[in-house]
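J.: fold the following, please.
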Amino acid sequence: MRKWKVVPLEVPPGVRGKVIWRQVIVRTEKLPKSEEKEKLELLKAQYSKIKKFLEKEKEYVSEQKSKEDKKFVEKYYSQLWDEYDKIKEQTKEKIKRPSSEDLPLTVLQSVRVYVASLRKIQVGDKLSGRHGNKGVIAKILPEEDMPYLPDGTPVDIVLSPLGVPSRMNVGQLLETMLGWAAKNLNVQYITPPFDGATEEDVKKEIQKAKEFLKKKGVPEKYLPDDNGKITLYDGRTGEPFMEKCFVGYMYIM
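T.: Residues are numbered from 1 along each chain as shown. Below is the predicted model:
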């Protein structure tokens, strides 16, 4: 009778985290070519059915005479196609399996566990936005020492203004302005990278958000100008900065 030994794999002491994914890899024999071909034919047939269904929807759109009906069906067709792409990608991700060829010859089964752990941010960590605006944290200050808005709200992060002309990515400025408007209007903006919102469109949303806040009784001095600039105060001295600063909401990771 053989003796079995349980050898659990544990993370090193002091490491904490959350299990976000696990994979079980089992050594399996390859399918015969006939079975692989049959499986491929089934997938092709399924894809063909979905494609024919969508083409029928498109023909239905072209047959509509009323402009309102046509716009409604076109919108529905577009949403249907987007939903199909989303489901296809999700399904592809779920059925994806790691190859058993990665296993050593003496291993029959392997279990991979992915653990995500939270780390406290520190000097030297790298951050970036959606526009190639990357940088390294130079200094971390207490909340009370950070620059603050006229209403006393401290800012979360201060970016170097040299990061805009050096990379010519003006999109981060427009994102920051739209982020401020979206936060105060409690809406979401969707704009494509090409042929998206113009500078004038962004300024109109800023003005709309300012009018909304004024109606709620927010004083004029607490609001930025149409370009997203406002006077900030030094958290250490309480003195206002000489020039206005560009303030808003931006995605930083």
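
J.: ok, G238 - how many residues close by?
T.: 8 (other C-beta atoms under 10 Å). Heads up, the C-betas are built off the backbone N, CA and C, glycines and all.

J.: shouldn't it be within a helix?
T.: No. With DSSP: H, G, I helix; E, B strand; the rest coil as the criterion, G238 is coil rather than part of a helix.

J.: so it versus T106, what's the distance?
T.: 69 Å (C-beta to C-beta, to the nearest Å).

J.: where does E41 land in three-state SS?
T.: helix.

J.: how about E144?
T.: Under the three-state scheme (three-state DSSP), E144 adopts helix.

J.: state the pLDDT value of it.
T.: pLDDT recorded at E144 is 92.

J.: name all residues that make contact with it.
T.: 154, 235 (C-beta atoms under 8 Å, 6 or more residues apart in numbering).

J.: again with V158
T.: So V158 contacts 146-147 (C-beta under 8 Å, 6+ apart).

J.: if you set the cut-off to 6 Å instead, what comes out?
T.: Contact analysis of V158 by C-beta atoms under 6 Å, 6 or more residues apart in numbering lists nothing.

J.: before we move on, which element is it in?
T.: Using DSSP states H and E, V158 sits in no helix or strand.

J.: so how far is I206 from it?
T.: Using C-beta to C-beta, V158 is found at 21 Å from I206.

J.: so which bits of stretch 175-193 are buried?
T.: By 16 or more other C-beta atoms under 10 Å, the buried positions in stretch 175-193 come out as 175-182, 184.

J.: okay, now the domains of the protein?
T.: In the domain annotation for the chain, the residue ranges read 18-115, 126-246 (automatic domain parsing).

J.: what distance do you get for S166 to Q23?
T.: As judged by C-beta to C-beta, S166 and Q23 stand 42 Å apart.
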